[in-house]
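Enquirer: Quick one, structure for this:
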Amino acid sequence: MKSFRESRKAISPVISTIIIVAVAIAISIAVAFWLGGITGIFTRFEKLEIPTAYAEKADNTTWTVTLEVKNTGTTPTTITEVLVNGVPYGNFTLTPADGYLDPGHGGSVVVILYTNDFSGGQAVTITLHTSGGQDYPKTVVLP
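Expert: I've put the predicted structure just below:
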């Protein structure tokens, strides 16, 4: 009579290697898809560019400062506030009117400055504050 140890059969080394390789491939594919999903979330960013900014004397009492803005980031953003020399300023218009900019799209900001507050030749820093909490300053010299 054979002993219990002698009569036991095992999986062949070839089959066990194939099973281990298949499990490793399945796990690596699952990890790759998981990391791909996380990467999309964490690589989104907000970035506004102001390629053009100029000031014009509208009349004897006002200057018009125009800033062309483009969203070059990967997430939409909204211009929520305009600051002039670091102080919140309310006399401005946005295009689009709600200040919402999709990635790759642009708009404009027109700020009206009064001559009793500013003078010709003065450098004025206009800062755009966005819903993402970022500030984008641009300095313009009044004519």
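Enquirer: So for the spatially most central residue of the chain, what's the pLDDT?
Expert: Nearest to the mean C-alpha position of the chain, counting by C-alpha atoms, centre = their mean, stands E46 at 1.3 Å. Per-residue confidence (pLDDT) for E46: 89.
Enquirer: Roughly how far does it sit from L67?
Expert: From E46 across to L67, the span is 17 Å (C-beta to C-beta, to the nearest Å). Quick note: C-beta positions are derived from backbone N, CA and C, even for glycine.
Enquirer: Please apply the same query to Y114.
Expert: Separation of Y114 from L67 (C-beta to C-beta): 18 Å.
Enquirer: Please say which of those two ends up with more neighbours.
Expert: A side-by-side neighbour count of Y114 and L67, using other C-beta atoms under 10 Å, places L67 first with 24 against 10.
Enquirer: Assess the claim that the more buried one and S108 are in contact.
Expert: Yes. Using C-beta atoms under 8 Å, L67 is in contact with S108, at 6.6 Å.
Enquirer: domains of this protein?
Expert: 4-42, 48-141 (automatic domain parsing).
Enquirer: most neighbours per residue, which of those?
Expert: Neighbour counts (mean count of other C-beta atoms under 10 Å) averaged over each of these peak at domain 48-141, with a mean of 15.
Enquirer: mind checking the end-to-end distance for that domain?
Expert: Distance across domain 48-141, first residue to last, is 21 Å (C-alpha to C-alpha, to the nearest Å).
Enquirer: And for stretch 85-102?
Expert: Across stretch 85-102, first to last residue, C-alpha to C-alpha, it's 27 Å.
Enquirer: ok, now stretch 116-132?
Expert: One end of stretch 116-132 sits 33 Å from the other (C-alpha to C-alpha).
Enquirer: Brilliant, that's me finished.
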